[in-house]
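1. Following is a predicted model, sequence given first.
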Amino acid sequence: MVGMPSPDTAPAPADETGAETGAAAPSAAPHPGRSPLPAGERERVRSFTLRGQTRMAAEYDDLLAEHGHRYLLDVPAGPSTASIADDAFVDLDAAFGRRAPLVVEIGPGNGEQLAHAAAAHPDRNFLAVEGWHPGAAKCVGNAVRAGVDNVRILEADAAQALPVVFGLEVVADESFVAGGYGVRPDGTGATTGRVDPTRPGAANPRAIEVWTFFPDPWRKSRHHKRRLVSPLFARTVAGVLEPGGAWRLATDWRDYAWWMRDVVEGAEWFDNPHLGERPDPEDEQPERGGFAPRFEGRLLTHFEERGRDEGRVPHDVVGIRRETPRPL
Ligand SMILES: C[S@@+](CC[C@H](N)C(=O)[O-])C[C@H]1O[C@@H](n2cnc3c(N)ncnc32)[C@H](O)[C@@H]1O
């Protein structure tokens with residue numbers, strides 16, 4: 001995608017808020033949720049970079065001033081980068097002005113897929129969660145051009161924000177959160193896949209589908225832990241989906257595709273309906289398979305097209321949300 005930051009060429013985590021690039025510190029940026037944690041406390045590790053964010057933000061001021069109120073959700077900021085307040089209540093029915101089957105897209109980038117799908121399915125609500133401010137702004141632009149009203153965009157880190165929006169149970173579970181990858185702003189806390197009825201977001205409708213298309217690949221092995229798709233994230237997605245709902249994933253980086261398949265098949269809340277199908281000869285387990293046919297609702301985005309021009313082949317993976325968790 002033109003203008004997307006590349007995590008694989010990004011500086012080390014500590015530099016991604018701008019220290020190395022000379023960009024402004026988080027608290028000076030226009031993005032909501034940028035006030036830093038108190039000195040000495042760590043933020044959670046994120047799966048996206050903020051490169052170019054401050055520099056590019058002004059380009060979108062006019063667009064957002066005119067149309068932002070129609071599409072961007074106004075949610076109280078949390079204490080760390082791209083986070084929302086832990087007690088924020090996002091009333092999805094009120095935000096969309098109706099209740100309708102809900103699709104959640106995580107990391108929509110510039111929103112090509114989002115706007116296309118929203119135009120094709122006016123009977124559905126589309127919630128997009130994008131952590132990169134220029135991306136969220138471009139989603140607004142694409143929604144405006146498509147003339148759709150059934151799109152809402154939350155500018156936030158989905159790993160932290162989804163448990164709040166959907167009122168998910170969060171527990172201390174060190175096996176999942178070691179190293180600051182947990183769902184709370186300080187990197188602690190793990191979702192369980194269950195709803196916490198005491199949280200306001202518990203009342204929100206669950207999604208019929210969650211989409212994670214072409215998440216940042218974080219190709220260097222020392223960065224793999226930053227990948228959005230993880231066993232912990234699978235639990236969060238399980239909490240967002242209704243039973244029988246589909247988590248649709250796609251990537252054109254082979255090892256990430258194998259990893260996505262492993263995460264879905266290893267998750268207690270998901271079944272892979274394509275078990276053993278479409279084996280990939282280059283897979284470390286070449287007979288194993290587990291890949292879905294291309295999702296017919298998935299647009300060929302500029303991002304995918306660029307990968308194709310570079311010789312990469314997309315893999316689709318699907319997880320179906322179980323009624324109850326499978327004993328592991
Ligand atoms: C490589 S781009 C792909 C965009 C789009 N899905 C496509 O296929 O064209 C990945 C996008 O996911 C976003 N992203 C990564 N991690 C995220 C997170 N934790 N929360 C929200 N957005 C995230 C990035 O900012 C980026 O816009």
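-> Looks like it arrived, so ask away.
2. Let me see the contact set for the closest residue in space to Gly266 that isn't next to it in sequence.
-> Spatial nearest neighbour of Gly266, chain neighbours left out: Pro231 (6.5 Å); criterion: CB to CB, 6 or more residues apart in numbering. Any C-beta I mention is one placed from the backbone N, CA and C, and that applies to glycine too. Applying CB atoms under 8 Å, 6 or more residues apart in numbering, we find Pro231 in contact with Phe176, Val263, Gly266, Ala267.
3. and the stretch 151-300 of the chain, which residues reach the ligand?
-> Asp157, Ala158, Ala159, Phe213, Phe214, Pro215, Asp216, Leu228 (CB under 6 Å from any ligand atom).
4. where along the stretch 151-300 of the chain do the strands fall?
-> 151-155, 168-171, 190-195, 207-213, 241-251, 270-271 (DSSP state E, counting those that start in this stretch).
5. could you pull out the strands for the stretch 1-150 of the chain?
-> Under DSSP E, counting those that start in this stretch, the stretch 1-150 of the chain gives strands at 102-106, 125-130.
6. Out of those, which gets nearest to the ligand?
-> strand 125-130 (4.8 Å; CB to the nearest ligand atom).
7. Quick check, central residue of this structure?
-> The structure's the chain has its C-alpha centroid closest to Ile106; by CA atoms, centre = their mean the separation is 3.0 Å.
8. Look up the pLDDT of that residue for me, please.
-> Here the pLDDT value assigned to Ile106 is 98.
9. Report the spatially nearest residue to it, omitting neighbours in sequence.
-> Ile106's closest residue in space is Ala158 (CB to CB, 6+ apart), at 4.5 Å.
10. check contacts around the residue located most distally from the centre of the chain.
-> No residue in the chain sits farther from the centre than Glu287, which is 30.0 Å out by CA atoms, centre = their mean. Shown in contact with Glu287 (CB under 8 Å, 6+ apart): Pro279.
11. and the gap between it and the ligand?
-> Remark: distance between Glu287 and the ligand (CB to the nearest ligand atom, to the nearest Å) = 29 Å.
12. Just the pLDDT at that residue, thanks.
-> 96.
13. for Trp211, what are its contacts?
-> Val103, Val104, Glu105, Ile106, Gln113, Arg248, Leu249.
14. residues near the second one, how many?
-> Val104: 27 surrounding residues under other CB atoms under 10 Å.
15. do the first one as well
-> A count of neighbours around Val103, defined by other CB under 10 Å, yields 25.
16. before we move on, back to that, pLDDT score assigned to the residue nearest to Ile106?
-> Looking at Ala158, the pLDDT reads 97.
17. got a list of what it touches?
-> Counting by CB under 8 Å, 6+ apart, Ala158 has contacts Ile106, Gly107, Val129, Gly131, Leu228.
18. now swap in Ile84 and tell me
-> By CB under 8 Å, 6+ apart, the neighbours of Ile84 are Pro32, Gly33, Val75, Pro76, Ala77, Gly78, Leu154, Ala156, Gln160, Ala161, Val164, Val165.
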